[in-house]
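Colleague: Compute the structure for the input listed below.
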Amino acid sequence: MKLSDEDRDRLALHTAFAVHQLARYVAARPDVPQDIRDRLRGHISAIEGVMVTSGHDWIRDEMEATEEALQ
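Modeller: Here you go, the predicted structure:
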């Protein structure tokens, strides 16, 4: 089964938001190893870049706050 471009874009957007929400949860937990935090921070940074480039710049501040919290 092949998704339409619109469905694929919608799936990618929802997936990005889900990863962000999970990263926010992880950022609040002191028992998560630093290497996992670092990897998530890199992924959130990449997701933020794509979202801002594609016109979803309203999420930038929230994602940057999550990146900082993961340090």
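Colleague: what helices or strands is the biggest helix by length in the chain leaning on?
Modeller: As assigned by DSSP state H, the longest helix anywhere in the chain is helix 5-27. Other elements packing on helix 5-27 under the criterion 3 or more CB pairs under 8 Å, 6 or more residues apart in numbering; DSSP states H and E are helix 34-53, helix 60-69. In this view, the C-beta of every residue, glycine as well, is placed from N, C-alpha and C.
Colleague: can you list these in JSON lines and add mean neighbour count, mean pLDDT and distance to residue 25?
Modeller: Below are the helices and strands packed on helix 5-27 laid out as JSON lines (neighbours: other CB atoms under 10 Å; pLDDT from 0 to 100; distance: least, CB to CB, whole Å):
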{"stretch": "helix 34-53", "mean neighbour count": "15", "mean pLDDT": "93", "distance to residue 25": "10"}
{"stretch": "helix 60-69", "mean neighbour count": "15", "mean pLDDT": "93", "distance to residue 25": "10"}
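Colleague: Distance to residue 7 for these - can I get that in JSON lines?
Modeller: JSON lines is the format used below for those (distance: least, CB to CB, whole Å):
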{"stretch": "helix 34-53", "distance to residue 7": "18"}
{"stretch": "helix 60-69", "distance to residue 7": "24"}
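Colleague: Please name whichever of those is nearest to residue 22.
Modeller: Residue 22 lies closest to helix 34-53 among the helices and strands packed on helix 5-27, at 8.0 Å (CB to CB).
Colleague: Identify the residues contacting that closest one?
Modeller: Here helix 34-53 makes contact (CB atoms under 8 Å, 6 or more residues apart in numbering) with 13, 16, 19-20, 23, 26-27, 57, 59-60, 63-64, 66-67, 70-71.
Colleague: Recalculate using a threshold of 10 Å.
Modeller: The contact list for helix 34-53 (CB atoms under 10 Å, 6 or more residues apart in numbering) reads 12-13, 15-17, 19-20, 22-24, 26-27, 29, 32-33, 56-64, 66-71.
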